[in-house]
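Trainee: Output the structure for:
(chains A and B)
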Amino acid sequence: MTEIAPSLDSTTHAAIEDTATVRPPARKRTSWLLTVLVLICVGYFLLPLWWLLVASTKSNADLFSSFGLWFANFNLIDNIQTVLTFQDGVFIRWAANSVIYAVVSAVGASFLATMAGYAFAKYKFPGGTALFAIILGAVMVPVAALTVPTYLLFARAHLTDTYWAVILPALATPFGVFLMRVYAADAVDTALIEAGRVDGVGEIRIFFTIAFRLLLPGSVTVLLFTLVASWNNYFLPLIMLNSPEKFSLPVGLAQWASTATGGSGSQALFSTVITGSLLTIVPMVIAFIFLSRYWQSGLATGGVKA
Amino acid sequence: MSTAVENAPSVDSASRRPRVTAAKRRQYGAAYALVLPFFVIFLAMIIVPLFYSGYLSFFKKQLIGGVRFAGFTNYTRALTAPLFLSGVARMAVFLVLQVPFMLAMSLIFALALDSGMMRLARFSRLAIFIPYAVPGVVATLMWGYLYGPDFGPFAQITNALGFGPPPFFTSTGMLFSIMNMVNWAFIGYNMILIYAALRSIPGELYEAARVDGASEIRIAWSIKIPAIRPALLLTIIFSVIGTFQLFTEPKLMFNLAPNVIGTAWTPNLYAYNIAFVNQDANYAAALAFLLGIVIVIVSYIVQLSAQRKERRS
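Mentor: Modelled structure (predicted):
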């Protein structure tokens, strides 16, 4: 990790601070060959999404009888209705759960990381260096390896199958603390903190009234990547949750999908699973398109895989 | 990097020493108060499970006599379990085949976008990156249906041409089918990491080379790539960590090809099945621990070899 740390610094700054001002790619003569080659690859990346869009408009029978990459009879409205009403409208419940899990985890995680990162950057206190080293070391710990023991601990505390079981583990983002420390070192001028002290403002109030506003762009970055990670996560909620009414969208969809493939007579579920998948990705895809600059700067900060 | 606050207050001179310590103590208090909320969560959600997992891994549940100390037997069992080892070996294949391909594609796209010679560069960047917005579950479902022999378009085309459905779900085919899913999901993500690093190279570094008539490819190879080595290292390490944790794809593909995926296609899937199907928490803890150790070792080797290369050049 020591190797990565200094290198990240430079990337982080370029990425968070100057997304808007970073030098634009110099306009040079256009290479049509390069453009065509890349666009062919773009076709590969869009193909599954095109298929999903087309398949969502088909009835279950048309899925099997028409060519996959082109439209048949337009059945999208019916499909959406089925998704939203199937099993007493549990899909809407899952969507609400997903929003709760993602928003609470992301807001909580970025707030905790902002406070801690600021403290590590701006205060020298006994044990601070050692603490930070431990936190940095934990960036390497694979989340998946922790999930099973966490489940066992939660089971003892009767926390499994609750909202907390999905939210609490997502609140600990060592990487977020690392990012916020790097960010806070430059974003908050030490002289400003000093000025606050001279005016007799308490340390904690300095954080909330002066520093926090300056730290906000960095916090938003941490917020965005924890939001995506949590929205997309499958392993953690799968392990922690038993009751369908607490499922997140990925867990619920996966369950529908295994019913669709598994059972006889349940084949009608294919179009429901497909349309449900489309509804699941639409909000995030739209958010990506409109916030692409923020996402990209956020990820450039060294984003974290779910 | 951290401008130490305690060096700064020159206002308080030596003559007012007692007040300095009081102020300093207040600052310590504030620092601890700010770190505490995170640290509590960090302890509870990372450190405690880590140690608990280590503790569990040394015990064994027996039919008679309950839970007993078992020494390293869970570890020796894992290290001699063909299922676990074949899963680790499969991930090693991923590491050798899929990760280099994925990162090479990410690098090529990032360089193409950075070259300034492309039309529709912004659109392309977004389109390549958009799969990152798609949850792993949905990505796997989509590709699973696309591969599928029933209504997958690939099978529809090959069937129409008179061949059978393509071998996406055979045991070798599955390896490449899942590699393709991972490529689809993460090429754009890594591309953005690399692209951001390229953007932050100061232009002067290669304007001179350009004036001297160096080709774009030459500039990319000799100037840009060496300049973004740290970012490349970061993408490699994240890929190593990600690879060994593969779970969603094989878990869902099990529905489509149960015999090919089995219970241990990846080490993580194996640990999951041991913990929740076999209900053997102790063995699962040992597996989780071993998996973590493998990841740390491989990441460390990657870093060491990168450092050595750095020194050599």
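Trainee: can we go C-alpha only for contacts and neighbour counts from here?
Mentor: Will do.
Trainee: Just to check, B:Phe84 is in contact with B:Gly262?
Mentor: No. With contact defined as CA atoms under 8 Å, B:Phe84 does not reach B:Gly262; the gap is 11.8 Å.
Trainee: So the two - more neighbours on which side?
Mentor: B:Phe84 (24 against 16; other CA atoms under 10 Å in any protein chain shown).
Trainee: mind listing what the nearest residue to the more buried one once chain neighbours are set aside touches?
Mentor: In space, and not counting its chain neighbours, B:Phe84 is closest to B:Pro267: 5.8 Å by CA to CA, 6 or more residues apart in numbering or on different chains. Contact analysis of B:Pro267 by CA atoms under 8 Å, 6 or more residues apart in numbering or on different chains lists B:84-85, B:87-88, B:244-245, B:287, B:291.
Trainee: what does B:Leu111 give?
Mentor: B:Leu111 touches B:195, B:198, B:220, counting by CA under 8 Å, 6+ apart.
Trainee: Centroid-nearest residue for the chain?
Mentor: As the question left the chain open, I've gone with chain A. Centre of chain A computed as the mean C-alpha position; nearest residue by CA atoms, centre = their mean is A:Val228, 1.3 Å away.
Trainee: could you do chain B instead?
Mentor: B:Gly242 (2.5 Å).
Trainee: Tell me the backbone dihedrals of that residue, please.
Mentor: Phi and psi for B:Gly242, reported as degrees, to the nearest 10, are phi -60, psi -40.
Trainee: Residue 208: neighbouring residues, count only.
Mentor: Going with chain A. For A:Phe208, the neighbour count with other CA under 10 Å is 11.
Trainee: try chain B instead
Mentor: 11.
Trainee: Please identify the helix or strand for it.
Mentor: Element membership for B:Ala208 (DSSP states H and E) is helix B:204-211.
Trainee: Which other helices and strands does that helix contact?
Mentor: Helices and strands touching helix B:204-211, by 3 or more CA pairs under 8 Å, 6 or more residues apart in numbering or on different chains; DSSP states H and E, are helix B:216-219.
Trainee: What's the mean pLDDT across the helix it packs on?
Mentor: Average pLDDT, helix B:216-219: 88.
Trainee: now the strands for the stretch 151-300 of chain B?
Mentor: Counting by DSSP state E, counting those that start in this stretch, the stretch 151-300 of chain B forms no strands at all.
Trainee: what does it have sitting close to chain A?
Mentor: Listed as neighbours of chain A in the stretch 151-300 of chain B under the rule CA under 8 Å from any CA of the partner chain: B:151-153, B:156, B:184, B:189, B:192-194, B:196-197, B:199-200, B:230-231, B:233-234, B:238, B:241-242, B:245, B:247-248, B:252, B:255-256, B:268, B:272, B:275, B:281, B:284-285, B:288-289, B:291-292, B:295-296.
Trainee: still on that earlier bit, tell me which of the contacts of B:Leu111 is nearest to A:Leu224?
Mentor: B:Tyr195 (18.9 Å; CA to CA).
Trainee: And the nearest residue to B:Leu290 once chain neighbours are set aside, how far from B:Leu111?
Mentor: Nearest non-adjacent residue to B:Leu290, counting by CA to CA, 6+ apart: B:Tyr75, 7.8 Å away. Separation of B:Tyr75 from B:Leu111 (CA to CA, to the nearest Å) stands at 45 Å.
Trainee: Just list the residues touching residue 156, thanks.
Mentor: The chain I'm using is chain A. A:Arg156 neighbours (CA under 8 Å, 6+ apart): none.
Trainee: Not quite, go with chain B.
Mentor: A:67-68, B:149, B:165.
Trainee: at 7 Å what do you get?
Mentor: When contacts are counted by CA atoms under 7 Å, 6 or more residues apart in numbering or on different chains, B:Gln156 touches A:Phe67.
Trainee: Follow the chain on from the lowest-mean-pLDDT helix or strand in chain A and name the next helix or strand.
Mentor: The weakest-scoring helix or strand in chain A, judged by mean pLDDT, DSSP states H and E, is helix A:4-17 (a mean of 42). For helix A:4-17, the following helix or strand on the C-terminal side (DSSP H and E) is helix A:32-56.
Trainee: now what about the helix or strand following that next one, what contacts it?
Mentor: For helix A:32-56, the succeeding helix or strand toward the C-terminus, using DSSP H and E, is helix A:60-65. If you take CA under 7 Å, 6+ apart as the criterion, helix A:60-65 is touched by A:55, A:72, A:268, A:270-271, B:150-151.
Trainee: Quick check: buried residues in helix A:60-65?
Mentor: For helix A:60-65, a neighbour-count test (16 or more other CA atoms under 10 Å in any protein chain shown) marks A:60, A:62-63 as buried.
Trainee: quick one: average confidence on it?
Mentor: If you average the pLDDT over helix A:60-65, you get 88.
Trainee: Is there proximity between the helix or strand that that helix is followed by and chain B?
Mentor: The C-terminal neighbour of helix A:60-65 among helices and strands, as given by DSSP H and E, is helix A:76-122. Yes. Judged by CA under 7 Å from any CA of the partner chain, helix A:76-122 comes into contact with chain B at A:112-113, A:115-116, A:119, A:121-122.
Trainee: Could you tell me how far stretch B:125-134 lies from the centre of the chain?
Mentor: Mean C-alpha position of stretch B:125-134 versus that of the full chain (CA atoms, centre = their mean, to the nearest Å) differs by 17 Å.
Trainee: and that stretch, does that touch chain A?
Mentor: Yes. Stretch B:125-134 reaches chain A (CA under 7 Å from any CA) through B:127-128, B:130, B:133-134.
Trainee: Check the offset of stretch A:219-228 from the chain's centre.
Mentor: So, by CA atoms, centre = their mean, the centroid of stretch A:219-228 is 7 Å from its chain's centroid.
Trainee: go on, stretch A:249-263?
Mentor: Put simply, stretch A:249-263 sits 22 Å off its chain's centre (CA atoms, centre = their mean).
Trainee: pLDDT averaged over that stretch - what is it?
Mentor: On average, stretch A:249-263 scores 87.
Trainee: Going by neighbour count, list what's buried in it.
Mentor: Buried, per 16+ other CA under 10 Å, within stretch A:249-263: A:249-260.
Trainee: ditto for stretch B:173-190
Mentor: Applying 16+ other CA under 10 Å to stretch B:173-190 flags B:174-179, B:181-190 as buried.
Trainee: Extract the CA atoms of the helix or strand bottoming out on mean pLDDT in chain B and return them as PDB.
Mentor: Lowest by mean pLDDT, DSSP H and E among the helices and strands of chain B is helix B:204-211, with a mean of 83. Backbone C-alpha positions of helix B:204-211 (Å, rounded to 0.1, in the frame of the first residue of the first chain) are rendered in PDB as follows:
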ATOM      1  CA  GLU B 204       4.900  20.000 -21.800                       C
ATOM      2  CA  LEU B 205       6.200  16.500 -21.200                       C
ATOM      3  CA  TYR B 206       5.400  15.400 -24.700                       C
ATOM      4  CA  GLU B 207       4.800  18.600 -26.600                       C
ATOM      5  CA  ALA B 208       8.600  18.700 -27.300                       C
ATOM      6  CA  ALA B 209       8.500  15.100 -28.600                       C
ATOM      7  CA  ARG B 210       5.600  16.000 -30.800                       C
ATOM      8  CA  VAL B 211       7.500  19.000 -32.200                       C
END
